[in-house]
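> using only what follows, build the 3D model:
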Amino acid sequence: MNERAERGRPAPETGSQARTLWVSLPGEVARRFRPHADNLGKKILEAIQREVPEYAKPLEGGFGTVIIKAIEEAVIGSIDSIGGKPSTQDKWVELFREVGRGVHKGGGSLDSLQASYRVGGQAAWRYIAAWGQRTGMPTPMLCVCAEAIFAVIEEISSYSVEGYTVAQTKAAGTLERRRRRLLELILATPPSSPQSIATTAKAADWKLPEQVNAVALEPPDDQHGDLQGLPVHADVLVDLESTQPCLVSANLERDLRLLQPALRGWHLAVGPRVPLADAATSLSWACRTLQLMRQRIIDPRPVVHSTDHLSTVWLMHDDFLLAELSRKVLGPLVGLTAKQQERLGETLMAWLESRGSTPEIAEVLKIHPQTVRYRLNQLTELFGDSLNDPAQRLDMQLALHAHRLRGTRPIDVAGTAHT
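Next up, the predicted model:
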């Protein structure tokens, strides 16, 4: 990018330094050089197409017309300024901005555009220098011509850089809005139609992947979700502005490697890898995992995969179902004191997990075997044949495990909620 653009200064007013230099030349120079205008334009175009690979092709269509017109205007406008004649340079601002916009729209690079201006300026100087020498133009006058040519190049280049940059910014904003809309469609509940997603993905220049992971993100307490320049690959869909920041990734390992240094202090909960149509389900699991990290039921780490905690997330998913399950299979404990509940609950859990002998359970619980036998007899009296039913035992184990994760006693749900 040229120095003026890099420093963020506005492009020069039309004709500033370049016009001043051309005006300082005698009008006779313009009269004598005017017949060479067309040939000079052709030489400039040939040099650009020869030396700048991106332009080494026929300039066709509307953009080709603009390029040729721009070269003609640069040549004619410069000639018209010599000797103080009325100039067409006032047209330059919009014309050369349009060149920049056209290059961006056509997918061209800013580097090649600026290279074409440099090459064009050098070609113009070679032509004028050779003509000046043939016609006996004084050396000081040739030096003014050289300075004027490169002032013109700086001027028109700055306009094109401005046009390119504005078009680039506008396109980026439009693309961002389209991708945000695409993310909304992908994560919608009920699911959006595949046709709607495909159409929006095409408009957002996003290739539909077969499978993705949704990731729920939580910033540190002292930081909000507005991160400028987040280092993500172009195929990652990100939303940091909603109440639940999230992203959808088709290449999780790559994206976590890029994101983790930038998101230091954040917590990321990764949902299961699923077909794109199930991305909302993946995000739901990621959000549940993040919630359990907040509650310290799952150990909070920078990155937690929900697939490493499936049973925990499942058991913690629905308070009502846990209450119903506890009431159904742990109901016999309700009439006991809180202390009796706690002791018998941990003994029942140890027995369900190990189905071992009394001494083995005593070792696990760090109590006397006689105490274990006493408690097991109490459990037999309370639960009866339920202890011999595999399905009932599984439900008891699930309910007790859920209470263990929550740090609650069975009475907290089975008793108070339903008595």
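> could you list the low-pLDDT ranges of the protein?
Segments of the chain classed as low confidence (criterion: pLDDT under 70) are 1-16, 59-63, 83-90, 171-172, 222-229, 356, 410-419.
> residue boundaries of the strands in it?
Remark: strands assigned in the chain by DSSP state E are 211-218, 237-239, 246-249, 267-275, 303-305.
> tell me the strands beside the first one, with direction?
Each strand that pairs with strand 211-218, with its direction, by DSSP bridges: strand 246-249 (antiparallel), strand 267-275 (antiparallel).
> circling back to that earlier point, which among the strands of the chain is found nearest to L283?
Of all the strands of the chain, it is strand 211-218 that lies closest to L283, at 3.6 Å by C-beta to C-beta. C-beta here means a position set from N, CA and C on the backbone, and glycine is covered the same way.
> quick one on the thing from earlier: could the strands paired with strand 211-218 go into CSV alongside distance to N39?
Putting the strands paired with strand 211-218 into CSV (distance: least, C-beta to C-beta, whole Å) gives the following:
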stretch, distance to N39
strand 246-249, 57
strand 267-275, 63
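> so what are the domain limits for the chain?
Per automatic domain parsing, the structural domains of the chain span 3-170, 209-315, 319-415.
> how far off centre is stretch 131-147?
In terms of C-alpha atoms, centre = their mean, to the nearest Å, the centre of stretch 131-147 is found 54 Å from the chain centre.
> mind listing what's buried along that stretch?
131-132, 137, 142, 144-146 (16 or more other C-beta atoms under 10 Å).
> contacting residues around that stretch?
With contact meaning C-beta atoms under 8 Å, 6 or more residues apart in numbering, stretch 131-147 is reached by 21, 24-25, 29, 32-33, 36, 125, 128-129.
> PyMOL command for the buried members of those residues?
Selection of buried members from the contacts of stretch 131-147 for PyMOL, criterion 16+ other C-beta under 10 Å:
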select buried, resi 21+25+29+33+125+128
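> and the two most separated of the contacts of stretch 131-147?
Within those, two members stand farthest from each other by C-beta to C-beta: S24 and H36, at 20.1 Å.
> could the domains of the chain be laid out in JSON lines, adding distance to I186?
Output for the domains of the chain, formatted as JSON lines (distance: least, C-beta to C-beta, whole Å):
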{"stretch": "domain 3-170", "distance to I186": "25"}
{"stretch": "domain 209-315", "distance to I186": "5"}
{"stretch": "domain 319-415", "distance to I186": "28"}
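> out of the contacts of stretch 131-147, list just those in helices.
21, 29, 32-33, 125, 128-129 (DSSP state H).
> I figured E54 hits S109, correct?
Yes - using C-beta atoms under 8 Å, E54 is in contact with S109, at 6.5 Å.
> those two: which is more packed in?
Neighbours per residue, other C-beta atoms under 10 Å: of E54 and S109, the larger number sits with E54, 17 against 12.
> how near is that one to L113?
Using C-beta to C-beta, to the nearest Å, one gets 8 Å for the distance from E54 to L113.
> likewise Q340?
Applying C-beta to C-beta, the value for Q340 to L113 is 82 Å.
> what about these two, which has more around it?
Neighbours per residue, other C-beta under 10 Å: of Q340 and L113, the larger number sits with L113, 22 against 14.
> helices of the stretch 51-200 of the chain, start to end?
Using DSSP state H, counting those that start in this stretch, the helices found in the stretch 51-200 of the chain span residues 61-81, 92-105, 110-135, 139-186, 194-203.
> right, and these - which one's nearest D319?
helix 139-186 (28.8 Å).
> spatially nearest residue to L268, not counting backbone neighbours?
V303 (4.7 Å; C-beta to C-beta, 6 or more residues apart in numbering).
> what separation do you get for the one you found and T408?
On the measure of C-beta to C-beta, V303 and T408 end up 28 Å apart.
> repeat that for L400.
11 Å.
> more neighbours: which of those two?
A direct count of neighbours by other C-beta under 10 Å for L400 and T408 places L400 higher, at 22 against 13.
> what sits against that one?
330, 345, 348-349, 352, 410.
> of all the residues you listed, which two lie farthest apart?
Top of the distance list for the contacts of L400 (C-beta to C-beta): L352 and P410, 13.2 Å.
> okay, the two: which has more neighbours?
More crowded of L352 and P410, by other C-beta under 10 Å: P410, with 26 against 16.
> check which residues of stretch 273-293 are buried.
Buried, per 16+ other C-beta under 10 Å, within stretch 273-293: 273-274, 276, 278-293.
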